[in-house]
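[1] Fold the following, please.
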Amino acid sequence: MIKVFINGQAGTTGLRIADRLKKRDDIELLAIADDKRKDESEIKKYINDSDITFLCLPDEAAVSAVSLLEKDNRRTKIIDASTAHRTNPLWAYGFPELSVELEEKIKTNQLIANPGCYASGFNAIVAPLVARGVISKEYPITCFALSGYSGAGKKAIAQYEDINRDKELESPRLYALAQNHKHLAEMQAISGLKRAPIFSPMICDYKCGMVVAVPLFSDMLEKKYSPESIREILAEHYAGKEIVKVRPLGYTQNMIGANNFEGRDDMEIEVTGNGERIVIISRFDNLGKGASGAAIQCMNISIGADEKKSLVIGE
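    Alright, predicted model coming up:
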């Protein structure tokens, strides 16, 4: 029986991890008492008694929680859902589909950094194309994205679901206007780009789901590529992967909805556009492959279970 402790179980990511894992017969969920949730000595005991600890905490609290891991503890694996460790080379970056090396590091490393939601959609597109020399590391990448409001946490959820909410919340809202979004560091580091992309995310009036889009000028690539050839390269990269799927050209006609993957833990990629301008789009649930689903997938890999166990995967 694998002992699992979720530090931060009351948040959106922690709640979904707990909901998925409570149905398993190979997992024992360690439940800390409500009045002990901020008791450092109690948290330390639960972390070091577990086989897997998920950290569903703000960055500073996650760093503090990692420090509670006893120096001689080589058993407990930490899966951190915060931003704190995603570009730290001592940590495994939790997107196994990006490379064989990453998947192996997730299997063997004690410390695993769960990717950010926007970064997952971005790196799923850009990292394989940079690695294969399709996109230069110097390419001035632009990325725009839509997210449901659940990605902004409990406070934002309460704002959006308040019957007396501000009328502005009825419309999509562009944010991170100063180009300082917290996911930018991992978007650049994991993709291998030499410059951070221009990133324009929007939060919208629906609860779950995300679309991340990266436009490319074909004549600015390392050689001229068509949508067909880009799609073929991505399909080859993700061949045999069941959680990230590359759709055929023309799979979606005209419009791609951002909320269609709500409740799912997989991701799809589509290549659209024409011979001059190509737009590559990833679609997934920001709480699924963008958060709790990715964390559970990493746990499954690290304990030698089927990576899809407990996950909701579509066709």
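
[2] can we go C-alpha only for contacts and neighbour counts from here?
    Will do.

[3] Verify the contact between Leu21 and Leu15 for me.
    No. Leu21 is beyond contact range of Leu15, at 10.0 Å (criterion: Cα atoms under 8 Å).

[4] So for the two, which residue has more residues nearby?
    Per other Cα atoms under 10 Å, whichever of Leu21 and Leu15 has more neighbours is Leu21, with 18 against 15.

[5] Per-residue pLDDT of that one, please?
    The per-residue pLDDT reported for Leu21 equals 96.

[6] Show the contacting residues for it.
    Contact analysis of Leu21 by Cα atoms under 8 Å, 6 or more residues apart in numbering lists 27, 29, 310.

[7] In strands only, show me those residues.
    Of the positions in the contacts of Leu21, 27, 29 sit in strands, assigned by DSSP state E.

[8] Quick check on the contacts of Leu21: which are buried?
    29, 310 (16 or more other Cα atoms under 10 Å).

[9] Assess the claim that Asp285 and Tyr206 are in contact.
    No. Using Cα under 8 Å as the test, Asp285 is too far from Tyr206 to be in contact (11.6 Å).

[10] On the three-state scheme, Leu216 is what?
    State at Leu216, reduced to three classes by DSSP: H, G, I helix; E, B strand; the rest coil: strand.

[11] and the gap between it and Glu276?
    8 Å (Cα to Cα, to the nearest Å).

[12] and these two? which has more neighbours close in?
    A direct count of neighbours by other Cα under 10 Å for Leu216 and Glu276 places Leu216 higher, at 21 against 14.

[13] contacting residues for the residue sitting furthest away from the middle of the chain?
    Within the chain, the residue lying farthest from the chain centre (Cα atoms, centre = their mean) is Asn164, at 31.7 Å. For Asn164, the contact set (Cα under 8 Å, 6+ apart) is empty.

[14] so what pLDDT did Asp34 get?
    Asp34 carries a pLDDT value of 84.

[15] What about it, how many residues nearby?
    Using other Cα under 10 Å, the number of residues around Asp34 comes to 9.

[16] and if you look at the one 5 residues further on?
    One way to gauge burial is a neighbour count; for Asp39, by other Cα under 10 Å, it gives 12.

[17] measure it to Asp25 for me?
    Asp39 is 29 Å from Asp25, by Cα to Cα.

[18] Just the residues contacting the helix ranked longest in the chain, thanks.
    Using DSSP state H, we find that the single longest helix of the chain is helix 117-131. The contact list for helix 117-131, computed with Cα under 8 Å, 6+ apart, reads 95, 98, 135-137, 143, 145, 183-184, 186-187, 190-193, 210-214, 233-234, 237, 269, 280-284, 286-287, 289-291.

[19] quick one: average confidence on the helix or strand just after that helix?
    Remark: after helix 117-131, the chain's next helix or strand is strand 142-148, criterion DSSP states H and E. Per-residue pLDDT over strand 142-148 has a mean of 97.

[20] Tell me the strands beside strand 142-148, with direction?
    If you go by DSSP bridges, strand 142-148 pairs up with strand 198-204 (parallel), strand 210-217 (antiparallel).

[21] from those, which stretch is densest packed?
    Using mean count of other Cα atoms under 10 Å, the stretch among these with the largest mean neighbour count is strand 210-217, at a mean of 23.

[22] What is the distance between the one helix or strand in the chain whose mean pLDDT sits lowest and the centre of its chain?
    Lowest by mean pLDDT, DSSP states H and E among the helices and strands of the chain is helix 154-160, with a mean of 89. Put simply, helix 154-160 sits 21 Å off its chain's centre (Cα atoms, centre = their mean, to the nearest Å).

[23] Would you confirm that Gly263 contacts Ile313?
    No. Contact between Gly263 and Ile313 fails when scored by Cα under 8 Å: they sit 9.3 Å apart.

[24] Am I right that Arg37 is in contact with Ile43?
    Yes. Counting by Cα under 8 Å, Arg37 does reach Ile43; the two are 7.0 Å apart.

[25] list residues touching both of the two?
    Common contact partners of Arg37 and Ile43 (Cα under 8 Å, 6+ apart): Asn7.

[26] So between those two, which is more surrounded?
    Neighbour count, other Cα under 10 Å: between Arg37 and Ile43, Ile43 has more, with 19 against 15.
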